[in-house]
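Novice: Let me see the structure of the following:
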Amino acid sequence: MLLPTSRLAAAAGAVALVSAAAVAIGPLRPIVYVLDILLILACAFDAWSCPRRGGVEAIRRFPRRVPRGAPVHLQYEIRGIDNRTFDGRADSMEIRDETPESVLVLREPAPRPGENGAGYLYESEVVPRQRGKFIFPALHIRCRSPLRLFMNQFRKPLETALEVDPPVAGLAEGLRRVREMRREAGRASVRVRGRASAFEQLRDHVDGDEFRTIDWKATARRGHLTVREYRTERNRDVTICIDFGRRMAGRFRGESKCDAALDAGLSLARAALAAGDRVGMIAFAHEPILEIASRRGDAHFQQIFEQSRHLSEIARESNLLALMRYLRARRRKRGFLLIISDLPDPISARRILPALAGAARTHSMLFVAVDDAERRAMEEADVRSTEDVYPLAGARALRAERLQSIAEFRRHGIRAADLTPSEITGPVLDAYFSAARGEEF
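Specialist: This is a model prediction of the structure:
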């Protein structure tokens, strides 16, 4: 669309003033005729020289797959504009990209002349805040004519896809801890006095043994204190269960609970596979929506990553009881079980606690409840007026209720933690490596 600019309005206004003066001053009329002709010629030349949609080619370049939260450098090349008539000043052309809502623009496009008069290059920087596949549909281009009397603005369709993967922030940390564990333990089995996953033998009690390791039945048979000795079990099954239901859809600063849960799950998967364990994953909501069979080997991580990276929240209430039935039928062998979800409501909790307690007796299990980071931030906010009191009181009441629920989980023998999205990965890795060494977590 060709539009007049303020410069054309100013030029036309100046000619109109001279024309008005020529009414009173006759000798000015020839000058008015000349000015009118010059303005018409200038307008004709400028309108003809202004770049048009059909002659402009736009190219957008950026990496097609990036991790969530990483800055993405975008480069736009605008071709079909001759630099010899298009002066290349910063205000000669403007472009605006149609970015998805989940993509934050850090730096607006800035122009510079292209090579050999071929066009113009623009560079900008954005940050994707969500996982998934996002489409950049078009560019909006506004070109000004050489004399700045007109500008042409149009929408140039330019559909480009950006695939945003989980960042897996704990990947390097998990691999580092695997190397440390191998240095400490070596390839041989390691005997531990704590509670581990594989029983090795009975032996006589010695000073320093923990009270909980005493086997009272064996003590009664032998007539003296006897303890159970365990060894660290290798090639275990690690099952990662991640909730993608309605309660996990909450976002804070662009990050959802599901994003953080998947990051922690993938970090654990990579570390467990590097340690030689078998890893499987179950994504669930009202029912299991994805199951990745347990396998070992570094190549299996890529399969887990590819199948889970585009999982998104489902607007259905999560059913932990259905998950526990599913696990009871398919995960009978003892292993490490991680469940990342949110705390169920009190009525649902009474139904689900016996099933969770049964799974905790079978497996080394950790239940991670993902708390709302925004509500946690409200607890620490300063009270500046009476209006701030009510949100603060509500946030603290919810916090007390969640702590009470976690305490109830622990009374049933369930290892549980209430964490914000940014806190999940570290404790999950801690629990896994503690269980691998046969220690309490």
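Novice: going forward, measure contacts between C-alpha atoms and count neighbours the same way
Specialist: Fine.
Novice: show me where the stretch 51-200 of the chain has strands.
Specialist: Using DSSP state E, counting those that start in this stretch, the strands found in the stretch 51-200 of the chain span residues 57-61, 65-67, 72-79, 93-97, 103-113, 119-128, 132-144, 150-165, 191-192, 198-204.
Novice: Figure out which of the ones you listed is closest to residue 226.
Specialist: Nearest to residue 226, of all those, is strand 198-204, at 4.7 Å by CA to CA.
Novice: C-terminal to that closest one, what's the next element?
Specialist: Going down the chain from strand 198-204, the next helix or strand is helix 216-222, by DSSP states H and E.
Novice: For that following helix, list the C-alpha coordinates in CSV.
Specialist: The C-alpha trace of helix 216-222 is given here as CSV (Å, rounded to 0.1, in the frame of the first residue of the first chain):
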residue,chain,number,x,y,z
TRP,A,216,16.0,-59.3,64.5
LYS,A,217,14.8,-62.7,63.1
ALA,A,218,18.4,-63.7,62.4
THR,A,219,19.5,-62.4,65.8
ALA,A,220,16.9,-64.6,67.5
ARG,A,221,18.0,-67.7,65.6
ARG,A,222,21.7,-67.1,66.1
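Novice: which secondary structure elements does it contact?
Specialist: strand 226-231 (3 or more CA pairs under 8 Å, 6 or more residues apart in numbering; DSSP states H and E).
Novice: packing partners for the helix or strand that the strand it packs on is followed by?
Specialist: Proceeding N to C from strand 226-231, the next assigned helix or strand is strand 237-243, under DSSP H and E. Judged by 3+ CA pairs under 8 Å, 6+ apart, strand 237-243 is in contact with helix 257-274, strand 278-284, strand 288-295, strand 335-341.
Novice: Need the contact partners of the following helix or strand past strand 237-243.
Specialist: Once strand 237-243 ends, the next helix or strand along the chain (criterion: DSSP H and E) is strand 251-252. For strand 251-252, contacts defined as CA atoms under 8 Å, 6 or more residues apart in numbering pick out 257, 372, 373, 374.
Novice: For the closest residue to the first one other than its chain neighbours, give me its contacts.
Specialist: This points to residue 257. Nearest residue to residue 257, sequence neighbours excluded (CA to CA, 6 or more residues apart in numbering): residue 248, at 5.2 Å. Taking CA under 8 Å, 6+ apart, we find residue 248 in contact with 256, 257, 258, 313, 341, 342, 370.
Novice: if I look at the first one, how far off is residue 53?
Specialist: What that stands for is residue 256. Per CA to CA, to the nearest Å, residue 256 is found 40 Å from residue 53.
Novice: The two: who's more crowded?
Specialist: Taking other CA atoms under 10 Å, residue 256 and residue 53 do not tie; residue 256 has more neighbours (21 against 17).
Novice: Just the ones in strands from the contacts of strand 251-252, please.
Specialist: Counting by DSSP state E, no part of the contacts of strand 251-252 is found in strands.
Novice: Return, as residue ranges, the portions of the stretch 201-350 of the chain with sub-threshold pLDDT.
Specialist: 230-235, 253-254 (pLDDT under 70).
Novice: Could you pull up the mean pLDDT of the one helix or strand residue 30 maps to?
Specialist: Residue 30 belongs to helix 29-49 when assigned by DSSP H and E. Helix 29-49 shows a mean pLDDT of 85 in the predicted model.
Novice: for stretch 131-139, same thing?
Specialist: 90.
Novice: and the longest helix seen in the chain, C-alpha only, in PDB?
Specialist: Secondary structure of the chain per DSSP state H: the longest helix is helix 389-411. Provided in PDB are the C-alpha atoms of helix 389-411 (Å, rounded to 0.1, in the frame of the first residue of the first chain):
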ATOM      1  CA  VAL A 389      -2.300  -8.400  53.400                       C
ATOM      2  CA  TYR A 390      -5.000 -10.600  51.800                       C
ATOM      3  CA  PRO A 391      -2.900 -12.100  49.000                       C
ATOM      4  CA  LEU A 392      -0.100 -12.700  51.500                       C
ATOM      5  CA  ALA A 393      -2.400 -14.400  54.000                       C
ATOM      6  CA  GLY A 394      -3.900 -16.600  51.300                       C
ATOM      7  CA  ALA A 395      -0.400 -17.600  50.000                       C
ATOM      8  CA  ARG A 396       0.700 -18.500  53.500                       C
ATOM      9  CA  ALA A 397      -2.400 -20.500  54.200                       C
ATOM     10  CA  LEU A 398      -1.900 -22.500  51.000                       C
ATOM     11  CA  ARG A 399       1.700 -23.100  51.900                       C
ATOM     12  CA  ALA A 400       0.700 -24.400  55.400                       C
ATOM     13  CA  GLU A 401      -1.800 -26.700  53.700                       C
ATOM     14  CA  ARG A 402       0.800 -28.100  51.300                       C
ATOM     15  CA  LEU A 403       3.300 -28.700  54.100                       C
ATOM     16  CA  GLN A 404       0.600 -30.600  56.000                       C
ATOM     17  CA  SER A 405       0.000 -32.700  52.900                       C
ATOM     18  CA  ILE A 406       3.700 -33.500  52.500                       C
ATOM     19  CA  ALA A 407       3.900 -34.500  56.200                       C
ATOM     20  CA  GLU A 408       0.900 -36.900  55.600                       C
ATOM     21  CA  PHE A 409       2.800 -38.400  52.600                       C
ATOM     22  CA  ARG A 410       5.800 -39.000  54.800                       C
ATOM     23  CA  ARG A 411       3.800 -40.500  57.600                       C
END
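Novice: Which SSE is immediately downstream of that helix?
Specialist: Next helix or strand after helix 389-411 toward the C-terminus (DSSP H and E): strand 416-419.
Novice: Which neighbours in the sheet does that next one have, and how are they oriented?
Specialist: Strand pairing for strand 416-419, determined by DSSP bridges: strand 364-370 (parallel).
Novice: Could you check the angle the strand it pairs with makes with helix 257-274?
Specialist: 160 degrees (axes from the mean of the first three to the mean of the last three CA atoms, to 10 degrees).
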